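S.K.: What follows is a predicted protein model with its sequence.
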Amino acid sequence: MTLLLVELFVEELPPKSLKKLGEAFATLLGQGLKAQGLAPADAALTAYASPRRLAVQVGDVAARAADQTMRSKLMPVSVALDAAGRPTPALLKKLAALGLEPGPDALALPGLERAPDGKAEALFLNRRQPGASLVDGLQQALHDSIARLPIPKVMQYQLADGWTSVQFVRPAHGLVALHGDQVVPVSALGLQAGRVTQGHRFEASRAQITLRSAASYAEQLRDEGAVIAGFAERRAELVGQLHAAAQQQGLQPIEDEALVDEVTALVERPNVLRCRFEPEFLAVPPECLILTMKANQKYFPLLDATGRLTEQFLVVSNIRPADASRVIEGNERVVRPRLADAKFFFDQDRKKSLASRVPQLAQVVYHGRLGTQGDRVERVRHIAAAIGGQLGGPALAALADRAAWLAKADLLTDMVGEFPELQGVMGGYYARHDGEPEAVALAIEDHYKPRFAGDALPRGQAGLAVALADKLETLVGLFGIGQAPTGDKDPFALRRHALGVIRMLVEQRLPLALPALLDGAAQAFAPGAIEPPGAALHDFIFDRFAGQLREQGYRAAEVDAVLGLRPARLDQVPPRLAAVRAFATLPEAPALASANKRVSNILRKGPGGAAAAVDAGLLREDAERALLAALERVAPQADAAFEAGDYTASLQALAVLKAPVDGFFDGVMVNDDDPALRANRLALLDRLHATMNRVADLARLAV
């Protein structure tokens with residue numbers, strides 16, 4: 001068993017895909033070798049990915065896979081042999097098709113076996129299959145791996161002969177395949193494998209690097225090629241340099257994992273340098289400066305101890321000159337026009353108020369069937385004011401209405417036109433400049449939140465009202481015109497909008513009923529513009545909620561028990577779940593859950609309807625009288641605790657019902673022949689069911 005190295009040397013790979021491509025190449029090639037028996041199932045895989053190479057080392061690779069015995073069923077004995085036990089023409093034909101030449105005694109062929117097959121017997125053929133050679137196995141694995149790589153966009157190019165076309169993520173110029181210190185003669189993308197690769201374009205000690213063995217790959221690339229081949233190792237080196245350079249000035253680099261990954265994919269050996277820009281640019285909102293440095297230049301802005309942006313930033317160079325001053329000056333010269341543009345946009349935008357821009361939204365199409373952004377603003381205003389009124393009365397309703405009216409105006413500013421990611425954020429800055437109340441500015445800034453999983457929620461009640469209104473209008477409107485997500489397609493991010501609504505209602509403990517919110521949002525649309533929100537949207541939101549709760553560690557049965565009742569107020573769901581979890585620890589819980597399931601089935605399937613109310617005069621059996629008496633004692637306690645929001649006490653009060661419920665089912669025939677008795681007993685069970693299932697559907701807890 002020997003270490004195997006395979007490397008594809010290519011032109012610069014797309015940086016945002018490099019990490020994924022490197023991991024996929026290693027995994028796919030390893031799987032291909034393991035499937036052919038050339039490497040053990042636990043063989044170690046080491047992936048390498050740099051801007052110009054994808055490579056993998058596979059441990060314990062054999063020169064040839066072990067032979068295998070293949071057992072195949074030929075045919076039933078009744079078909080293979082005649083009455084005298086001689087081979088039939090069918091058997092002889094089958095053996096000949098397999099490349100065997102049966103003599104007079106075909107049954108004496110090596111590997112032919114007669115064995116039971118169910119109730120009959122069959123003939124089986126055991127043949128030894130030679131193991132794949134490394135050359136053949138690696139060739140197949142390499143071909144399959146390249147074909148299955150998650151390439152974002154395939155590039156077609158011609159080989160040196162000028163005729164042959166090849167498709168790959170980028171043109172490939174070299175292939176290495178070493179088994180130990182021996183070249184494996186495979187080919188791919190028009191290239192023949194060898195042991196020669198290339199290092200850094202400018203800083204390698206030699207133009208070509210001849211690899212001594214598979215094991216020396218990373219070492220030789222580092223020492224001779226000035227390349228850190230491993231993505232993780234190069235990333236760690238980059239992060240270490242970033243923090244070291246920042247700490248020298250008592251600063252810290254901005255945290256951005258995606259940017260670190262992208263820059264790691266852009267350099268073969270990182271060299272972090274510290275630069276600065278003119279302090280006057282700090283008058284521009286920091287979000288603008290940070291975004292232009294990160295998105296356009298791949299720089300790392302530096303923050304002080306309080307988290308404020310400074311005029312210093314870090315760049316990552318792919319070269320290490322003895323005098324880095326020209327590199328530093330060049331990057332400072334490049335960033336200056338970008339920051340000047342941001343300052344120009346900011347200064348120009350403030351010459352017009354947000355309020356003066358609102359009428360122009362009537363000329364911006366929002367959706368072909370839902371009108372313009374101006375139409376949408378009016379709908380969001382209507383919804384936000386209603387929510388604000390519920391949360392804080394007329395004063396909050398007025399703030400929410402004002403914020404909703406101005407919230408989309410920054411879409412028409414130069415800054416947001418250049419950087420769409422800043423919508424909302426810039427609206428907050430411009431609102432403050434216009435003299436709007438701070439609550440309005442915060443609401444405008446926050447009304448898109450939460451934008452993603454883990455994002456902060458809006459600050460302040462006005463922000464919550466506008467953010468809820470914005471997401472509810474989107475959900476109700478798009479569901480109302482039949483634009484619900486399908487499969488993995490969600491072009492309007494409705495799943496994210498639904499999760500945002502859930503998070504705001506639950507985490508902020510807003511006393512708002514979901515059905516009323518959806519109905520209120522629908523009323524903001526013109527009559528006939530949309531279909532009213534029905535069960536589909538309601539179920540969509542609860543499906544997202546159920547998934548979120550399961551991710552938080554709640555058992556599926558607990559979630560189903562609580563959400564199965566479709567509680568109107570989502571903020572009540574966490575305490576209900578806690579109550580269900582506490583109830584499940586009671587010794588009476590399993591029996592009550594099973595009984596509740598039985599009651600549910602009887603009420604659903606029982607013949608005839610239940611009476612409107614229980615008539616004590618029609619109770620004939622002691623067990624049913626005992627159950628009614630217990631219910632009359634327990635129900636007021638459970639209901640009072642429920643109304644007080646003490647769901648745990650409400651459920652635990654039900655524990656005393658176990659004995660009377662057991663007694664009822666042991667001694668009472670519900671489906672009595674007398675219609676009056678049957679209806680009265682069904683009414684009793686209906687009352688029991690209502691009492692037991694206010695907090696959760698306990699039947700769903702039954703095993």
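M.R.: In hand now; what should we look at?

S.K.: Next, count neighbours for Leu191.
M.R.: Using other Cβ atoms under 10 Å, Leu191 has 17 neighbouring residues. Glycine gets a C-beta too; all of them are placed from N, C-alpha and C.

S.K.: can you check the one 3 residues further on too?
M.R.: Counted by other Cβ under 10 Å, the residues lying close to Gly194 total 15.

S.K.: I'd guessed it sits against Val183; true?
M.R.: Yes. Gly194 is within contact range of Val183, at 6.0 Å (criterion: Cβ atoms under 8 Å).

S.K.: Need the residues touching each of those two.
M.R.: The contact sets of Gly194 and Val183 overlap at Ala177 (Cβ atoms under 8 Å, 6 or more residues apart in numbering).

S.K.: Which parts of the stretch 351-500 of the chain are helices?
M.R.: For the stretch 351-500 of the chain, the helices defined by DSSP state H, counting those that start in this stretch occupy 354-357, 373-406, 414-418, 425-433, 438-446, 461-480, 494-507.

S.K.: for these, which one sits closest to Ala147?
M.R.: With respect to Ala147, and counting by Cβ to Cβ, the nearest of the helices of the stretch 351-500 of the chain is helix 494-507 at 32.2 Å.

S.K.: ok, then the element right after the closest one?
M.R.: Using DSSP states H and E, the helix or strand that follows helix 494-507 in sequence is helix 514-523.

S.K.: residue ranges for the helices of the stretch 201-350 of the chain, please.
M.R.: With DSSP H, counting those that start in this stretch as the criterion, the stretch 201-350 of the chain has helices spanning 217-223, 231-247, 257-264, 286-291, 297, 325-349.

S.K.: Serialize those to CSV and add fields for mean neighbour count, distance to Arg53 and mean pLDDT.
M.R.: Supplementary listing: the helices of the stretch 201-350 of the chain in CSV, determined by neighbours: other Cβ atoms under 10 Å; distance: least, Cβ to Cβ, whole Å; pLDDT from 0 to 100:
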stretch, mean neighbour count, distance to Arg53, mean pLDDT
helix 217-223, 19, 9, 97
helix 231-247, 17, 11, 97
helix 257-264, 17, 14, 97
helix 286-291, 20, 32, 96
helix 297, 14, 25, 93
helix 325-349, 15, 24, 96
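
S.K.: Could you list the low-pLDDT ranges of the chain?
M.R.: For the chain, the stretches flagged by pLDDT under 70 are 1, 102-104, 106, 606-612, 703.

S.K.: so what's the residue nearest the centre of it up against?
M.R.: Centroid-nearest residue in the chain: Ala453, 9.3 Å away (criterion: Cα atoms, centre = their mean). Contacts of Ala453 were listed using Cβ under 8 Å, 6+ apart, and they are Leu499.

S.K.: next one: Gly194
M.R.: Contacts of Gly194 (Cβ under 8 Å, 6+ apart): 174-177, 183.

S.K.: same check, this time on Lys19
M.R.: Under the criterion of Cβ under 8 Å, 6+ apart, the contact list for Lys19 reads 49, 231, 261, 264-265.

S.K.: hmm, 6 Å instead?
M.R.: Remark: with contacts taken as Cβ atoms under 6 Å, 6 or more residues apart in numbering, Lys19 is in contact with 231, 261.

S.K.: Next: Leu28.
M.R.: Contact criterion Cβ under 6 Å, 6+ apart gives 145, 148 as the residues in contact with Leu28.

S.K.: Is it correct that it falls within a helix?
M.R.: Yes. Assigned with DSSP: H, G, I helix; E, B strand; the rest coil, Leu28 falls within a helix.
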